[in-house]
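Engineer: kindly return the folded structure for what I paste below:
(4 chains)
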2 protein chains.
Amino acid sequence: MPKEPATDVAIVEDNAALGASLRKIVESAPECRCVGVWTSAEDALKKIDAFRPHVVLMDINLPGMSGIEATARVKQHLPDIQVIMVTVYRDHDKIFAALKAGASGYLLKRSTPADLRDAIRDVRSGGAPMSAEIARRVVEAFHQPVKAEPSGDEVKLSKRETEILELLCEGLANKEIADRLDISVETVRVHLKHVYEKLHVRSRTEAAMKFRDSKEEPRYPL
Amino acid sequence: MPKEPATDVAIVEDNAALGASLRKIVESAPECRCVGVWTSAEDALKKIDAFRPHVVLMDINLPGMSGIEATARVKQHLPDIQVIMVTVYRDHDKIFAALKAGASGYLLKRSTPADLRDAIRDVRSGGAPMSAEIARRVVEAFHQPVKAEPSGDEVKLSKRETEILELLCEGLANKEIADRLDISVETVRVHLKHVYEKLHVRSRTEAAMKFRDSKEEPRYPL
DNA sequence: GTTCGCATACCCCCCTTGGGGTAATCGACG
DNA sequence: CGTCGATTACCCCAAGGGGGGTATGCGAAC
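Structural biologist: Down below sits the predicted model:
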């Protein structure tokens, strides 16, 4: 077990009582030091450069700039700072917006003091602390939609068709695709007609979108 | 604190010694029962229907069908079964393939017996147990690429333009978009012209693709 | 050995699309 | 009050795209 490195923690929380409570919890961890309790995103952004905490506990619902936007700004300028969201929001949008903004952890406010201290240690040692409920949602975001293909049409595009579709997705016109593949425009058109039939679409844009989606969610064999 | 429900656990692991070890760990948890240790994906798929475990500990590297494909098949037919991958693989592809296949947890084989028991409880109570390193990778998958826009062209699409672009992305033709928004086709064309100019593209497909990309990585204001 | 899928190519027809205008309305911002 | 952006609408025109054919060569499958 590696020895715990000292950790400077900052807290961004507009509710003064809650902020004080968080500070006490942080300071009850022997390796942690609270370098600031800031009550707004704007305040935090002004002071964070000077205090350089290792970890920030960030509320989402702040007056003025949200904790999510604040996280994005912090991570942009000081990407090594680990941000843990501490919030009551359980909804999909907030969670993923926070993660996109660069948060490394996401705790619900019902978390216990011990959870919080564990989370700070976890994030310091390369983890991503999340409340169980949040972790499940994050993992589920990767799950395949259990799509029941109504008609079992296994869409099998030929190599050439796939190639053309890929170029189509770059926004190329038929003529450009033809030039790129060194074939006739007419041939490109034929391939596309087949593709439209196979994908059940009627336009290049629709085909491009469908193809794009299928690439992002490769399906496992049944 | 809700009382722990009894949990039936199955293990899929081709290494007999490791399988036995996992079984012992599972059985050392008072609320857990090991209903099977199966040495191949094929074997597991045959028997899982009869044994109906609540949780499956799944190795990835199995002879024949991989644990990832097995997970996909299990989740397809018995979506309520929680699968925890237990493996040495730390690479991006394996992790995300497993999550896409429907795994709810991902533990590295260096995990302690206590970690494993915690993971089983966690997954049973709606969590998504992951080794710290894995959790971080999963969370990082959501982080914004810190892209430096080469030319600072802040593309600001109007509300209407965005609306039209969204319908465009569904593969609709101008006429269909016009009908949907109850405006003239000509107006749709005008909006699209502006969009093309703003996005620096020359066709609907190109615009759709660019828009798609930008939606997947919404940028926070700097 | 014929059939089938794939890739190639060309034909016609007609609607859609993209690029160029002009212009009215409306609200916001100086 | 004038101007600007957003939204609406119309015009022309040339090129592109989608749907319907037909046809040839080739390899694989039956």
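
Engineer: which strands or helices does the top helix by length along chain A pack on?
Structural biologist: Looking across chain A with DSSP state H, the single longest helix is helix A:185-199. The helices and strands touching helix A:185-199, judged by 3 or more CB pairs under 8 Å, 6 or more residues apart in numbering or on different chains; DSSP states H and E, are helix A:159-168, helix A:174-181, helix A:204-216. The C-beta positions use only the backbone N, C-alpha and C, and glycine is treated the same way.

Engineer: and the ones you listed, which one averages the lowest pLDDT?
Structural biologist: Ranked by mean pLDDT, those end with helix A:204-216 at the bottom, a mean of 82.

Engineer: right, is it up against chain B?
Structural biologist: Yes. Helix A:204-216 reaches chain B (CB under 8 Å from any CB of the partner chain) through A:204-210, A:212.

Engineer: weed out the non-buried ones from those.
Structural biologist: Among these, those classed as buried by 16 or more other CB atoms under 10 Å in any protein chain shown are A:204-210, A:212.

Engineer: still on that earlier bit, out of the residues of helix A:204-216 next to chain B, flag the one nearest to A:Val56.
Structural biologist: Nearest to A:Val56, judged by CB to CB, of the residues of helix A:204-216 next to chain B is A:Arg212 at 35.9 Å.

Engineer: contacting residues for that closest one?
Structural biologist: A:Arg212 is in contact with A:169, B:209, B:212, counting by CB atoms under 8 Å, 6 or more residues apart in numbering or on different chains.

Engineer: OK, contacts around the second one?
Structural biologist: Going by CB under 8 Å, 6+ apart, B:Met209 touches A:169-171, A:208, A:212.

Engineer: farthest pair in the residues you listed?
Structural biologist: Greatest spatial distance among the contacts of B:Met209 (CB to CB): A:Gly171 and A:Arg212, at 12.0 Å.

Engineer: got phi/psi on the residue most central in space within chain A?
Structural biologist: Residue closest to the average C-alpha location in chain A (CA atoms, centre = their mean): A:Lys100, at 3.7 Å. Torsion angles at A:Lys100 (phi, psi; degrees, to the nearest 10) stand at phi -60, psi -40.

Engineer: ok, it touching B:Glu140?
Structural biologist: No. Contact between A:Lys100 and B:Glu140 fails when scored by CB atoms under 8 Å: they sit 10.8 Å apart.

Engineer: common neighbours of the two, please.
Structural biologist: Common neighbours of A:Lys100 and B:Glu140 (CB under 8 Å, 6+ apart) do not exist.

Engineer: in chain A, where is pLDDT below threshold?
Structural biologist: Filtered on pLDDT under 70, chain A yields the residue ranges A:1-4, A:144-155, A:215-222.

Engineer: tell me how far the closest residue to A:Ser104 other than its chain neighbours lies from A:Asp49.
Structural biologist: Spatial nearest neighbour of A:Ser104, chain neighbours left out: A:Gln82 (4.8 Å); criterion: CB to CB, 6 or more residues apart in numbering or on different chains. For A:Gln82, the distance to A:Asp49 equals 16 Å [CB to CB, to the nearest Å].

Engineer: okay, the two: which has more neighbours?
Structural biologist: A:Gln82 (27 against 10; other CB atoms under 10 Å in any protein chain shown).

Engineer: picking up where we left off before, need the helices and strands packed on helix A:185-199 in TSV with distance to A:His92, can you?
Structural biologist: As requested, these are exported to TSV (distance: least, CB to CB, whole Å):
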stretch	distance to A:His92
helix A:159-168	31
helix A:174-181	38
helix A:204-216	18
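
Engineer: looking at these, which is closest to A:Ile120?
Structural biologist: Of these, nearest to A:Ile120 by CB to CB is helix A:204-216, at 34.4 Å.

Engineer: off-centre distance for the closest one?
Structural biologist: Mean-position distance between helix A:204-216 and its chain equals 22 Å (CA atoms, centre = their mean, to the nearest Å).

Engineer: is it in proximity to DNA strand D?
Structural biologist: Yes. Under the criterion of CB under 7 Å from any atom of the strand, helix A:204-216 makes contact with DNA strand D via A:Arg204.

Engineer: now the angle between helix A:174-181 and that helix, please.
Structural biologist: Here helix A:204-216 points in a direction 50 degrees away from that of helix A:174-181 (axes from the mean of the first three to the mean of the last three CA atoms, to 10 degrees).

Engineer: okay, helix A:204-216 in CSV with CA atoms only?
Structural biologist: The C-alpha coordinates for helix A:204-216 follow below in CSV (Å, rounded to 0.1, in the frame of the first residue of the first chain):
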residue,chain,number,x,y,z
ARG,A,204,-27.4,10.1,-48.6
THR,A,205,-27.8,12.1,-45.4
GLU,A,206,-30.0,9.4,-43.9
ALA,A,207,-27.6,6.7,-45.0
ALA,A,208,-24.7,8.6,-43.5
MET,A,209,-26.4,9.0,-40.2
LYS,A,210,-27.5,5.4,-40.0
PHE,A,211,-24.0,4.2,-40.9
ARG,A,212,-22.6,6.5,-38.3
ASP,A,213,-24.8,5.2,-35.6
SER,A,214,-24.1,1.6,-36.4
LYS,A,215,-20.4,2.3,-36.2
GLU,A,216,-20.7,3.8,-32.8
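
Engineer: that helix vs helix A:159-168, what angle?
Structural biologist: Using the same axes, to 10 degrees: helix A:204-216 against helix A:159-168 is 110 degrees.

Engineer: contacts only, for A:Gly127.
Structural biologist: With CB under 8 Å, 6+ apart, A:Gly127 has these contacts: A:105, B:132-133, B:135-136.

Engineer: taking those residues one by one, which sit in strands?
Structural biologist: In strands, judged by DSSP state E, the following of the contacts of A:Gly127 are found: A:Gly105.

Engineer: that's a strand at A:Lys47, yeah?
Structural biologist: No. With DSSP: H, G, I helix; E, B strand; the rest coil as the criterion, A:Lys47 is assigned helix and is not in a strand.

Engineer: pretty sure it contacts A:Trp38?
Structural biologist: Yes. If you go by CB under 8 Å, A:Lys47 and A:Trp38 touch, sitting 6.2 Å apart.

Engineer: the two: which has the busier surroundings?
Structural biologist: Each of A:Lys47 and A:Trp38 has its neighbours counted (other CB under 10 Å); A:Trp38 has more, 24 against 16.

Engineer: that one and A:Ala101, how far apart?
Structural biologist: 17 Å.

Engineer: now the terminal residues of stretch A:199-207, how far apart.
Structural biologist: This stretch, stretch A:199-207, spans 7 Å end to end (CA to CA, to the nearest Å).

Engineer: ah, wrong one, I meant stretch A:47-58
Structural biologist: 14 Å.

Engineer: tell me the buried residues in that stretch?
Structural biologist: A:47-48, A:53-58.
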